[in-house]
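> show me how the following folds:
(chains A and B)
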Amino acid sequence: MAATYGYTGKILRVNLTTGKISTDDTLKYKDFIGGEGMAMKIMWDEVAPGVTPYAPENKIVFGTGPLCGTGVPCSGRTNITSLLPSSPFHGVSSSHMGGYFATELKYSGWDMIVVEGKAANPVWLRIEDDKVKIEDARWMWGKGIFDTQAMVASFMGKEAQVAAIGQAGENLVNLSVIRTGSSHSAGGHGGVMGSKNLKAIGVKGTGSVKIAGDRKAWAELDKLMMSVIGANNQMVVPSSPQPWAEFNDKSSRWTGRKGLYWGAANPPVETGECDPHDMQSVGLRTMKAVFDFGPQAEKYTVRMGGCSHCPIRCHSQLKVPQLSKYGMDEYVSNTCMGWFSPRGVMFKGIKAFDGNSEADAAVVGPAIGAKLADDYGVWCNYGQIGRDLQYAYETGLLKKVLPADEYASIPWEKLEKGDATFLIDFYERVAFKKGEFSHIADGTYWLAERWKFGDDFWNGKVYKVWSRQGFPVHHSNEAGGQVGALISCFSNRDAQNHSHMNFIGSKLPIALQKEIAGEIFGSPDALDAPSDYKPMNEYKARFVKWSLGRSMLHNSLTVCNWMWPMSVSPLKERKYRGDTGLEAKFYSLATGIQLSEKELDEAAARCFTLFRAITQRQMGQKDLRVAHDQTTEWVTHAEKGKDGKEIPQFTKGTIAMEEKDMELGRTLVYREFGWDEKTGAPTRACLEKYGMADVAQDLASRGLLPV
Amino acid sequence: MSDQHAKNRNSASSHAAEAPAPAAGLVAAIRGASAEIRLTRLTALRSDFPEAAAREGGVELLLEESGAADLRRMAGEGGEAYYFSADSMTEAYALHLFRIEEKDPVRLVADTVRDDSRIYPRPTDVRVFADPPFSLPAREVAEVVARMEMRPDTADIKSGRASNGALYLYSDRFLEAAHAESLIEWIEVGQKENP
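Model prediction:
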């Protein structure tokens, strides 16, 4: 085989029904970049419409990209693509996890793993370089993820990286995860692994990833990268005034400062000021524990962890001795929603409990929840599970739908009192599908159908449901006006898109951000100040297309969309400008395939258009504008101010969008992609431009192609 | 001295040219204090360098003519002036130190809030004043907020609370009430629910 660069050149295919293990050529898919893009191509080619997520005919694709394993900062991501059980039409979607699994997979010589079929008995997949075996997992079945990882490591050694499901995935809970490391979860597809009787994948590699380009050029590019990288979510100003900084923002994730410690380290480690010129302190910038919990988390923090090849350590690794009281290991790790979703389940608040002061309970409570969710492998639908519970509980619906004895067996008094041990009962019922209550984890759409949630649920801003598909708001209008709102419209699950937020949320002053927006999107009007939104325009549509494309690009390369793209920099001497061409520069040097920024964005648009085509084929709908791209009502209804009066849209102080303006927005985004402006469906011309005449032909044969 | 802003503390050598002999001690003193993240008062320089102070034009003229491009001067209302080296701290940070040195907590809070409302624009969480570099005791912060409501020179400073009770301040010269209230709720509550 000819030498390949960036890519390993091999895709591992495993059929669990037949036990056949085979190799495919990565580069035949190279127009789809890697990771998510290639997975979309495989899903289009190989999974017919009408297949359901838990059917053996469904496939699950674990993908890395050409930058993974090269050392490009923030490139330790695994993209997982399959049909989504919680989606009403089982829409194709991707989930993602960090950690070290992806890099290890590359080092073992594989770009991707495509799993199909269903094993007769529980199995796990053992990958040691080119030796691949399907192993018996009957003795692992029924175990949590932590034990499963230890069991796999007992065979393969502690260097092995393991992706596994817990009891939730085994029991085909729709809201379940696949997890690697101690806290890196890909939400949504755990049940798909479970349906295939695939408990875990262990991988160990002794190889490396070859880079095509000149070493010096690579080192220079690394230097450039390190001059633009900020803190978690590419926030480029510190959270407190610091001598080196011109700007600051209390809500920045750049929390490192003098006098702030990883307090449970031995000896404690001071984060210090983290001047952005000091590359050795990049990993200290994001002291996420105090960002997620407040100052009380300092004493629990052992260190910040994260993913391979990532200088931004965004996972808080805590020592919480109180956990041992509940039979749990006192070490616990997570970030963002991993902590917030247990808090969301405790929607009455977490108060002092079991001898913990209110301040300590604010750490101990979410730590209990994170530990359970991570071991059972329960997903939260980006925090929506808590709001679903809140609605069902507060409206009295739960009392109606649950058998009386089941309702009485749930420790509601703990929920009411803010005692977080409620979570122990909650997650057990969910993971083991105990009783009617466990349907809370069917996913919002299926749950709402089953328990007959009213329009007040769908349309009430308080429950944050974005789409009738049952996924919630995720960096939408509340954070990015039409740009965020429209990004969420094109998803089959919560948008998981941070391309826009890693710019909008940089914490730089709005005037400066608008200047930069002008340079990237053609006009400062591409960006509005928060809660000061102006009507839709073509520049915002460009921003939307760019954000959707970049997210697809990052999940294909694979680099972290929670950091990339690098639109801004923390350095004043760079005028706070980042470099949006870095992906293309790294891609070209790594692979030897020369692509400009524009060409790589076009490749991403090809992948996104294919994702759109799969969605259309699955839905069997001609008009995606109507059938897919709409929001729930609260998004476009005027909000009321404190005085009870409606605040008109596009005046200061409201995040509400306006229906006609959103429709214009959809039209403009369709235009940017070259899709049909009326229906939002990909056109023949667009598909052919991207080399996908076969896709056009297929859609035409089903009567789905716009005339 | 120059208006050119220093790039950063680590590139100090590019700006810290040797000053002529009579000013060298003064410049070194200012740079030394700045390296320790302190401002240098003019009165302290006059006291520490009496010969320089006695020259025609005094310390100020010597520094003007020193050629030290990294030095900056800020004048307080009471006649005091402060010097710092922009190789060691940004002007924005020096401004915080200047306001602290001026020992008028009401003015400190009001001017910081105005800057936030004007530059970003955003309301200001009052808790930031309990943290470095301000480090005002929580009780004093509460007193300052109460006093601002009575001082005519801070009439533009308004307060608002998020739904979780957190108190924020903003200047209505730069932020409208409805806008400020929306931002307070977003910063304090919404952003945390949508991480």
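> what parts of the stretch 151-300 of chain A come near chain B?
Counting by CB under 8 Å from any CB of the partner chain, the stretch 151-300 of chain A comes close to chain B at A:240-247, A:249-251, A:257-259, A:275, A:277-278, A:292. For the C-beta atoms, the positions are set from N, CA and C on the backbone; glycine is no exception.
> for chain A, what's the nearest residue on chain B?
residue B:178 (3.0 Å; CB to the nearest CB).
> domain ranges for the chain, per the record?
Since you didn't name a chain, this refers to chain A. Here the domain parsing of chain A from automatic domain parsing is A:10-204, A:229-317, A:320-450, A:477-559+A:596-701.
> right idea, wrong chain: chain B
B:9-89, B:104-193.
> mind listing what the residue in chain A that chain B sits nearest to touches?
Residue nearest to chain B within chain A: residue A:653 (3.0 Å; CB to the nearest CB). Residue A:653 is in contact with A:531, A:532, A:641, A:647, B:176, B:177, B:178, B:179, B:180, B:181, B:182, counting by CB atoms under 8 Å, 6 or more residues apart in numbering or on different chains.
> mind putting those in TSV, neighbour count, distance to residue B:193 and secondary structure included?
Converted to TSV, the contacts of residue A:653 look like this (neighbours: other CB atoms under 10 Å in any protein chain shown; distance: CB to CB, whole Å; DSSP: H, G, I helix; E, B strand; the rest coil):
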residue	neighbour count	distance to residue B:193	secondary structure
A:531	24	16	coil
A:532	20	21	strand
A:641	15	20	coil
A:647	21	20	strand
B:176	15	24	coil
B:177	15	23	helix
B:178	18	21	helix
B:179	24	20	helix
B:180	26	20	helix
B:181	23	17	helix
B:182	25	15	helix
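> buried ones among the residues of the stretch 151-300 of chain A next to chain B?
Buried subset of these (neighbour count, 16 or more other CB atoms under 10 Å in any protein chain shown): A:240-247, A:249-251, A:257, A:275, A:277-278, A:292.
> residues in contact with the spatially closest residue to the residue of chain A closest to chain B that is not a sequence neighbour?
Spatially, and ignoring its direct neighbours in sequence, residue A:653 is nearest to residue B:178 (3.0 Å; CB to CB, 6 or more residues apart in numbering or on different chains). For residue B:178, the contact set (CB under 8 Å, 6+ apart) comprises A:641, A:647, A:651, A:652, A:653, A:654.
> now do the end-to-end distance for stretch A:379-397.
When the termini of stretch A:379-397 are compared using CA to CA, to the nearest Å, they are 23 Å apart.
> same check on stretch A:386-401?
Span of stretch A:386-401 from end to end, CA to CA: 17 Å.
> show me the shaky parts of the chain.
By default, I'm working from chain A. Within chain A, the segments meeting pLDDT under 70 span A:1-2.
> correction: the question concerned chain B.
Across chain B, the ranges flagged by pLDDT under 70 are B:1-20.
> try 50
Residues of chain B that meet the criterion pLDDT under 50 lie in B:2-14.
> tell me where it has strands.
Secondary structure of chain B (DSSP state E): strands at B:40-41, B:71-75, B:81-85, B:124-125, B:157-161, B:167-171.
> got a markdown table for the ones you listed, with mean neighbour count and distance to chain A too?
Shown next, in a markdown table, are those (neighbours: other CB atoms under 10 Å in any protein chain shown; distance: least, CB to the nearest CB, whole Å):
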| stretch | mean neighbour count | distance to chain A |
| --- | --- | --- |
| strand B:40-41 | 19 | 15 |
| strand B:71-75 | 18 | 13 |
| strand B:81-85 | 24 | 10 |
| strand B:124-125 | 22 | 5 |
| strand B:157-161 | 19 | 9 |
| strand B:167-171 | 24 | 10 |
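> count the residues that sit near residue B:24.
The burial count assigned to residue B:24 is 14, neighbours taken as other CB atoms under 10 Å in any protein chain shown.
> scratch that, residue A:424
By other CB under 10 Å, neighbour count at residue A:424 equals 18.
> was I right about it contacting residue A:372?
Yes. With contact defined as CB atoms under 8 Å, residue A:424 reaches residue A:372; the gap is 6.7 Å.
> residues from the stretch 451-600 of chain A in reach of chain B?
So the stretch 451-600 of chain A meets chain B at A:464, A:473-475, A:478-479, A:509-510, A:529-532, A:571-573 (CB under 8 Å from any CB).
> now do the SS call for the residue nearest the centre of chain A.
Taking CA atoms, centre = their mean, the centroid of chain A lies closest to residue A:496, which sits 4.6 Å from it. What DSSP: H, G, I helix; E, B strand; the rest coil gives for residue A:496 is coil.
> just give the nearest non-adjacent residue to it, would you?
In space, and not counting its chain neighbours, residue A:496 is closest to residue A:474: 6.5 Å by CB to CB, 6+ apart.
> helix, strand or coil: sort out that neighbour for me.
Following three-state DSSP, residue A:474 is assigned to coil.
> now do the contacts for it.
For residue A:474, the contact set (CB under 8 Å, 6+ apart) comprises A:382, A:466, A:488, A:494, A:495, A:496, A:497, B:194.
> mind listing the helices for chain B?
B:21-35, B:42-48, B:50-54, B:58-64, B:91-101, B:105-119, B:138-148, B:177-185, B:191-193 (DSSP state H).
> wondering if the helix or strand harbouring residue A:372 reaches chain B at all.
Assessed by DSSP states H and E, residue A:372 sits inside helix A:358-376. No. Helix A:358-376 lies out of reach of chain B by CB under 8 Å from any CB, never closer than 12.2 Å.
> list the buried residues in the helix or strand that that helix is followed by.
Sequence order places helix A:384-394 as the next helix or strand after helix A:358-376, per DSSP H and E. The neighbour-count check on helix A:384-394 (16+ other CB under 10 Å) flags A:384, A:385, A:386, A:387, A:388, A:389, A:390, A:391, A:392, A:393 as buried.
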